[in-house]
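Participant: this one's sequence-less:
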């Protein structure tokens, strides 16, 4: 049963959200010259400014009341203690242990989690050093220059986002990713690879993921054709726990790096799944990434709720979703190196928070995870930001700004930052009729044209945004940023009383694809399907039969 204090807290938030001025932001700045100071927080290297939202003192008090009513601090402690937080799969959730020192004391039942993590990290470190030194080479004696990571979902998105952010040509190896089972992806990628110098990582915990294994077989055939079957063990590594399947695939046991079921896929880049990061950027950079995440972990575990960045980031989202009824959220990193960060967050947030029942299996009764989308600035300004400024439904946005670039083009960077600041200010301010008339009059427009164009050029303003400011984009600061959003997801799961660590919604499509594949190939008679699926299958078979 829902506790009275929890229901009272929800009622307060929903009542505040129904006020006529609930979404107003400009007036809050007019009333409080120190609003930025009061509605921004720092942790580690990150400054988070959420003053450009309609959260007032009264709203924040209500949000914090809800956090305490759902015992958020107790749920946080339970996760850190290795208790069964993922209730539907009866698993602990211990991705924090992957970046923690041994003395942090993470356990799962009787299992010494720290010892297992250290064993895996030591094996990864030794392997990276052997590859980088040339002690481990390809079958023809060539040193490895390229890493091909074959995986999908969490076995691709997290490592890809990190390497897109951190890698540069001075680093030890070149990264490549193959996720989509579409053969065009491999046909394009293999042109850039020399099989003699390519080290292949097959990333699948169970070693049964259909898309990953289909692509792995494709790449295996490519290596065998170029180098011979006997060369395969020298070029292939598995990131998996299924030793029987990896052995059958031809991968030696010492080339298998595992991780446990208390590591969810979308939280796994800190585990053996991050081997591509360590190989391409160097193990030192990978260690700094872990250390940055650990710094955010410590802040999340220790800071009071009112100063806790992940908690506050979650409460801002909850206010937008449940207080104001806003169903989408934009991620706008104003740094091209973070181009893949929105894609990582799409899985992290939507796979975690796209749930419709509570922990006990009852309907949630309230909206849960919003739709996440995004692109780097300034590209996004010339595509979908039109909708954020003048669309019918406001879309909250997170801006990520990096103060100092790693390139010498100062004016480009200043223009980039000016655009990022300007978009947040424009969403807040809008443009009223008097401003438009004055501007058009000064430009010599005729009064009739001014009145005709006025509705089209009007910006309502009062559109919410949160800004995260980093001094530089380094492994350490990136680790903090990613961990911040991981903990935001945990907090929202606790607040909404949903299991943020399972993903049953992806299973049905997998099962149906397994049924449809032999039917589409003609190996089995077509079974019972809806008329749309039957019609599409018939047309596909006709088109494919035409040669």
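Facilitator: Good, I have the coordinates. Computed from a predicted structure; not experimentally measured.

Participant: Could you check how far the closest residue to residue 258 other than its chain neighbours is from residue 126?
Facilitator: Distances taken as CB to CB, 6 or more residues apart in numbering place residue 241 nearest to residue 258, at 4.4 Å, with adjacent residues excluded. (Each C-beta comes from the backbone N, C-alpha and C, glycine too.) Distance of residue 241 to residue 126, given as CB to CB, to the nearest Å: 19 Å.

Participant: More neighbours: which of the two?
Facilitator: Higher neighbour count among residue 241 and residue 126: residue 241, with 18 against 13, using other CB atoms under 10 Å.

Participant: In contact with the more buried one, which residues are there?
Facilitator: 205-206, 258-260 (CB atoms under 8 Å, 6 or more residues apart in numbering).

Participant: Now rank the residues you listed by neighbours and give me the top one.
Facilitator: Greatest neighbour count in the contacts of residue 241, by other CB under 10 Å, goes to residue 205: 24 neighbours.

Participant: how about that one, what does it touch?
Facilitator: Neighbour list for residue 205: 155, 239-242, 259, 261, 265 [criterion: CB under 8 Å, 6+ apart].

Participant: Over to residue 459?
Facilitator: By CB under 8 Å, 6+ apart, the neighbours of residue 459 are 389-390, 426, 429-431.

Participant: Same list as before, those residues that is, but in a markdown table and with neighbour count, distance to residue 170 and pLDDT included.
Facilitator: Converted to a markdown table, those look like this (neighbours: other CB atoms under 10 Å; distance: CB to CB, whole Å; pLDDT from 0 to 100):
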| residue | neighbour count | distance to residue 170 | pLDDT |
| --- | --- | --- | --- |
| 389 | 18 | 40 | 97 |
| 390 | 15 | 44 | 97 |
| 426 | 18 | 38 | 97 |
| 429 | 17 | 43 | 96 |
| 430 | 17 | 45 | 96 |
| 431 | 16 | 46 | 95 |
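
Participant: Need those residues in a markdown table (columns: distance to residue 450 and secondary structure).
Facilitator: What follows is the contacts of residue 459, written out as a markdown table (distance: CB to CB, whole Å; DSSP: H, G, I helix; E, B strand; the rest coil):
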| residue | distance to residue 450 | secondary structure |
| --- | --- | --- |
| 389 | 20 | helix |
| 390 | 18 | helix |
| 426 | 21 | helix |
| 429 | 20 | helix |
| 430 | 18 | coil |
| 431 | 13 | strand |
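
Participant: So residue 392, which state does it fall into?
Facilitator: Under DSSP: H, G, I helix; E, B strand; the rest coil, residue 392 falls in the coil class.

Participant: ok, it - how many residues close by?
Facilitator: Counted with other CB under 10 Å, residues neighbouring residue 392 total 6.

Participant: And residue 326, by the same measure?
Facilitator: Neighbour number of residue 326 under other CB under 10 Å is 19.

Participant: That one contacts residue 317, doesn't it?
Facilitator: No - judged on CB atoms under 8 Å, residue 326 makes no contact with residue 317 at a distance of 9.3 Å.

Participant: quick one: low-confidence ranges for this structure?
Facilitator: The chain contains residues with pLDDT under 70 at 1-4, 547.

Participant: if you set the cut-off to 80 instead, what comes out?
Facilitator: For the chain, the stretches flagged by pLDDT under 80 are 1-4, 546-547.

Participant: who's in contact with the residue positioned nearest the centre of it?
Facilitator: For the chain, the residue nearest the mean C-alpha position is residue 345 (2.1 Å; CA atoms, centre = their mean). For residue 345, the contact set (CB under 8 Å, 6+ apart) comprises 331, 372, 374, 485.

Participant: Widest-spaced pair of those residues?
Facilitator: 374 and 485 (12.1 Å; CB to CB).

Participant: returning to what we had before: just the ones of the contacts of residue 345 in strands?
Facilitator: Taking DSSP state E as the definition of strands, those contribute 331, 372, 374.

Participant: burial measure for the second one, as a count.
Facilitator: Taking other CB under 10 Å as the criterion, the count of residues near residue 372 is 19.

Participant: Bridged to it, which residues?
Facilitator: Note on residue 372: beta-bridge partners residue 329, judged by DSSP bridges.

Participant: Please verify my assumption that it contacts residue 353.
Facilitator: No - counting by CB under 8 Å, residue 372 sits too far from residue 353 to count as a contact (9.2 Å).

Participant: Report the buried residues of the one helix or strand residue 58 maps to.
Facilitator: Assessed by DSSP states H and E, residue 58 sits inside helix 57-69. With burial defined by 16 or more other CB atoms under 10 Å, the residues of helix 57-69 counted as buried are 59-60, 62-67, 69.

Participant: cool, stretch 301-311 as well?
Facilitator: Neighbour counts over stretch 301-311 (16+ other CB under 10 Å) mark 301, 303, 305, 308-311 as buried.

Participant: Out of the residues you listed, which comes closest to residue 528?
Facilitator: Of these, the one sitting nearest to residue 528 (CB to CB) turns out to be residue 310, at 46.9 Å.

Participant: Now do whichever strand or helix holds that closest one: which elements does it pack against?
Facilitator: Assigned by DSSP H and E, residue 310 belongs to helix 309-318. Counting contacts by 3 or more CB pairs under 8 Å, 6 or more residues apart in numbering; DSSP states H and E, helix 309-318 packs against strand 40-43, strand 46-49, helix 57-69, helix 283-302, helix 475-496.

Participant: Which of these has the highest mean neighbour count?
Facilitator: helix 475-496 (a mean of 24; mean count of other CB atoms under 10 Å).

Participant: Summarise which helices and strands the next helix or strand after it is packed against.
Facilitator: Using DSSP H and E, the next helix or strand after helix 475-496 towards the C-terminus is helix 507-521. Of the remaining helices and strands, those touching helix 507-521 by 3+ CB pairs under 8 Å, 6+ apart are helix 210-227, helix 531-545.

Participant: Quick one: closest of these to residue 285.
Facilitator: Nearest of the helices and strands packed on helix 507-521 (CB to CB): helix 210-227, 25.4 Å.
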